[in-house]
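S.K.: the following comprises the amino acid sequence and a computationally predicted model.
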Amino acid sequence: ARVEPGVINKHFQNEVEKLNLFYPPDPASENQSTLGGNVAENAGGMRAAKYGITKDYVMALRVVLANGEIIRAGKKTIKDVAGFNVAGLMIASEGCLGVISEITLKLLAKPPLKQSAMGVFNHIEDAMNAVYKTMSSGVTPVAMEFLDNLSIRAVEERFSKGLPKDAGAILITQVDGVVKEQIAWQLNEIEKHFKANGCVGFKIAQNEQEEQDLWFSRRNASQSISVYGKKKLNEDVTVPRASLPSLLQEVAKISQKYGFKIPCFGHTGDGNVHVNIMLEDPKRDLEKGHKAMEEIFQAAISLEGTLSGEHGIGLSKAKFMPLAFNHSEMELFRNIKKALDPNNILNPFKMGL
């Protein structure tokens, strides 16, 4: 599909599905975010566990450079090794290197069947271990999402969806396929691995309403946690799946150290955790909140993770780039920026460039 950058992600999904096709990237902002913005951020979403992120679907770009010249990067072919991967350079560049004016996207055949399930765990570490064991067993769920206890309680307080308020964590997963037997096998395997790692309850959605309720809870976790404070500092650190238990243990220590509630939820299928530092008194607590977030960034980097899996760096996280990149790496970024935008007119100062 060839699209202009202002097309809304969800509108595009809806249109291609009318043709029995499928565009997998589904960021939480899918109803507002544009495909051009998705490319500039390399947006992901809940289906990334199986289907990957925006970069996996960009075949070609048309880009206006800072000097007004127009280039085409990439081809409408599966293979292309002629020249540098300029399209890959533009993806996730946050608008610092050029203005995207046209995108060629790969589409898939729409899977005819899907089904979701929820696993309940007494301890969040058990849930994270279950994710790692399941994802390394040969089963590839479309999505593998989690809510911690604070997030569960917040959703229940706001919406009363029947979630287990005493659970340490829940995992919400979805599988898809072509035949019912394929769906059943995947769900059986997931249940087996969940229960081998501390799952105390496993519920399969039996109808469309139950399916919608499960995903409503996950999609509305972000707005629900406002019950814990007037302001939230929210970031989306990402670590290897095997390091998820260690990351969340560090977050718990930081929460205790600073006295903040830090509800967490996110895309455990790809190691991407949304951490939310809740400030009851923003004027009093903001500086301390930023210190706590810096420690969370440091914890993620120490676990071979990254500052951001989806949200990007922008201005707010620019000062933390040296935590993740050494001097030579930062200089490389700056030199690329200088070569393509010598007058610094494209999103100046984003990413610390």
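M.R.: Thanks, I have the structure now. Residues are numbered from 1 along each chain as shown.
S.K.: give the burial count for Gly6, as a bare number.
M.R.: 9 (other CB atoms under 10 Å). No exception for glycine: its C-beta is placed from N, CA and C like everyone else's.
S.K.: contacts only, for it.
M.R.: Thr34, Leu35, Gly36 (CB atoms under 8 Å, 6 or more residues apart in numbering).
S.K.: in JSON lines, list those residues along with distance to Ala43, pLDDT and neighbour count.
M.R.: As requested, the contacts of Gly6 are exported to JSON lines (distance: CB to CB, whole Å; pLDDT from 0 to 100; neighbours: other CB atoms under 10 Å):
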{"residue": "Thr34", "distance to Ala43": "10", "pLDDT": "98", "neighbour count": "20"}
{"residue": "Leu35", "distance to Ala43": "9", "pLDDT": "99", "neighbour count": "26"}
{"residue": "Gly36", "distance to Ala43": "11", "pLDDT": "98", "neighbour count": "20"}
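S.K.: what's the closest of these to Asn20?
M.R.: Minimum distance to Asn20 across the contacts of Gly6 is 20.2 Å, recorded for Leu35 (CB to CB).
S.K.: Ser160: which of the contacts of Gly6 is nearest?
M.R.: Using CB to CB, Thr34 comes nearest to Ser160 of the contacts of Gly6, at 34.0 Å.
S.K.: how about that closest one, phi and psi?
M.R.: Dihedral pair for Thr34: phi -100, psi 160, per degrees, to the nearest 10.
S.K.: how much space separates Val239 from Arg72?
M.R.: Going from Val239 to Arg72 by CB to CB, to the nearest Å gives 36 Å.
S.K.: same question but for Met46, I mixed them up
M.R.: Distance from Met46 to Arg72, by CB to CB: 32 Å.
S.K.: any idea how far apart the tips of stretch 88-103 sit?
M.R.: 12 Å (CA to CA, to the nearest Å).
S.K.: gap between it and the chain center?
M.R.: From the chain centre to the centre of stretch 88-103 is a distance of 19 Å (CA atoms, centre = their mean, to the nearest Å).
S.K.: show me what the lowest-mean-pLDDT helix or strand in the chain is packed against.
M.R.: Sorting the helices and strands of the chain by mean pLDDT, DSSP states H and E puts helix 208-219 at the bottom, at a mean of 93. Contact partners of helix 208-219 among helices and strands, from 3 or more CB pairs under 8 Å, 6 or more residues apart in numbering; DSSP states H and E: strand 113-121, strand 143-148, helix 149-159, strand 169-177.
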